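# I'd like to go over a predicted model; first the sequence, then the structure.
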Amino acid sequence: MPDKRHPPTAKGSLGRTLLKTLCTVALTALLIALLREGLSLLPWVDRKTGQHAGSAVLQVLAADGNASQQQMIAAGLMVLCFLLAIVLVRWGERLLDRSR
């Protein structure tokens, strides 16, 4: 539902869409980088805790060396990061709209 106090202009809505797109792409890249770092920390967590949960996660992600399954898992994780970025950007947009 459009906001009646601030009618959208073509330039404003285009700029806002561009900003949201850039934020979504940047946030997706950040989430993927954090995921990679988090996965690289799993062996360290296993050593510190004496558990094997981290190695179990890595073993599932390795997909027994099957390259096509590994690619599917990687693509799924990227899509998950993208969807999370969309949710976070929309949440941030709503917070900004409320503060106006």
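Perfect, thanks for sending it.

# L95 - how many residues pack around it?
Here the number of neighbours of L95 (other C-beta atoms under 10 Å) works out to 9. For the C-beta atoms, the positions are set from N, CA and C on the backbone; glycine is no exception.

# helix, strand, or coil at it?
Using DSSP: H, G, I helix; E, B strand; the rest coil, the structure places L95 in helix.

# for D46, see how far away it is.
Going from L95 to D46 by C-beta to C-beta, to the nearest Å gives 38 Å.

# okay, helices next: where are they in this protein?
Using DSSP state H, the helices assigned to the chain run over residues 10-49, 53-62, 67-99.

# okay, which residue is most central for this structure?
Central residue of the chain (C-alpha atoms, centre = their mean): C81, 2.6 Å from the mean position.

# let's have the helices of the chain in TSV, adding mean pLDDT.
Putting the helices of the chain into TSV (pLDDT from 0 to 100) gives the following:
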stretch	mean pLDDT
helix 10-49	91
helix 53-62	88
helix 67-99	94
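
# quick one: buried residues of stretch 54-69?
G54 (16 or more other C-beta atoms under 10 Å).

# now do the end-to-end distance for it.
Using C-alpha to C-alpha, to the nearest Å, one end of stretch 54-69 lies 19 Å from the other.

# show me how far that stretch is from its chain's centre.
Between the centre of stretch 54-69 and the centre of its chain there are 21 Å (C-alpha atoms, centre = their mean, to the nearest Å).

# check stretch 23-35 too.
That offset, for stretch 23-35, works out to 5 Å (C-alpha atoms, centre = their mean).
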